[in-house]
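Here is a sequence together with a model predicted from it:
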Amino acid sequence: MSDIEPWYKQFWPWVLIFLPLCAVVASVSTLFIAIENKPDMIVEDYYKKGKAINVDLSRLDNAYRLALKFSLSVDGNKIKLVQTFGEPQSAALRLKFIHRTLKINDFEQLLTANANGEYTFNLPKPLVGKWTIQLESFDAKWRIQTVDKFPKEELTMLDSVANH
């Protein structure tokens with residue numbers, strides 16, 4: 001009779017099986033995490049998005065021709081927008097805040113000027129992080145945009161010349 005134990009009673013075969021098994025479990029876990037947390041930045045129809053970029057560029061050009069400049073201040077949950085240069089805009093303005101990574105945080109607000117020519121509104125929650133800010137006319141003839149990080153003490157400048 002032999003003194004050799006069967007393989008399943010020895011230590012090293014189980015170590016050699018355990019290592020690849022850990023890799024398989026980690027891969028399957030990573031796959032489930034990736035499926036559950038899809039990125040928002042993926043676009044379904046690239047062609048339509050590309051055409052929309054050209055329309056956006058014409059809006060930026062229109063804002064440049066009008067030489068529009070606005071200052072935006074954020075104080076807690078209150079946003080105040082004031083035109084500082086260019087042809088006065090009496091119509092309503094659309095202000096969009098686009099979060100850099102989470103589409104669910106994006107929001108927009110239609111603003112009308114008060115008697116002082118200021119556009120104000122209250123945020124549902126304070127701004128935190130990096131945002132793309134787009135300001136455009138109600139009829140979508142022009143657009144100004146910038147990127148800024150909040151919270152901050154100083155004003156955010158929306159300048160059509162800087163975008164051009």
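Structure received. Quick caveat: nothing in here was measured; it's all calculated off a predicted structure.

where along this structure do the helices fall?
11-36, 46-66, 160-163 (DSSP state H).

Straight-line length of stretch 92-106, end to end?
By CA to CA, to the nearest Å, the extent of stretch 92-106 from end to end equals 20 Å.

Return the set of buried residues in it.
Neighbour-count burial for stretch 92-106 flags L93, R94, L95, K96, F97, I98, H99, N105 (criterion: 16 or more other CB atoms under 10 Å). Where you see a C-beta, it was placed from the backbone N, CA and C, and this is true even at glycine.

which regions of this protein lie under the pLDDT threshold?
1-2, 39-56, 90, 162-164 (pLDDT under 70).

how is it carved up into domains?
Here the domain parsing of the chain from automatic domain parsing is 11-36, 46-163.

related to what we said a few turns ago, among the buried residues of stretch 92-106, which one lies nearest to S58?
Closest approach to S58 among the buried residues of stretch 92-106 (CB to CB): R94, at 16.6 Å.

hey, which of the domains of the chain is tucked in deepest?
Among the domains of the chain, domain 46-163 has the highest mean neighbour count (mean count of other CB atoms under 10 Å), at a mean of 15.

circling back to that earlier point, of the buried residues of stretch 92-106, closest to K80?
The nearest one, if we look at these relative to K80 and count by CB to CB, is L95, at 11.1 Å.

which residues pair with that closest one across the strands?
Q109, L135 (DSSP bridges).
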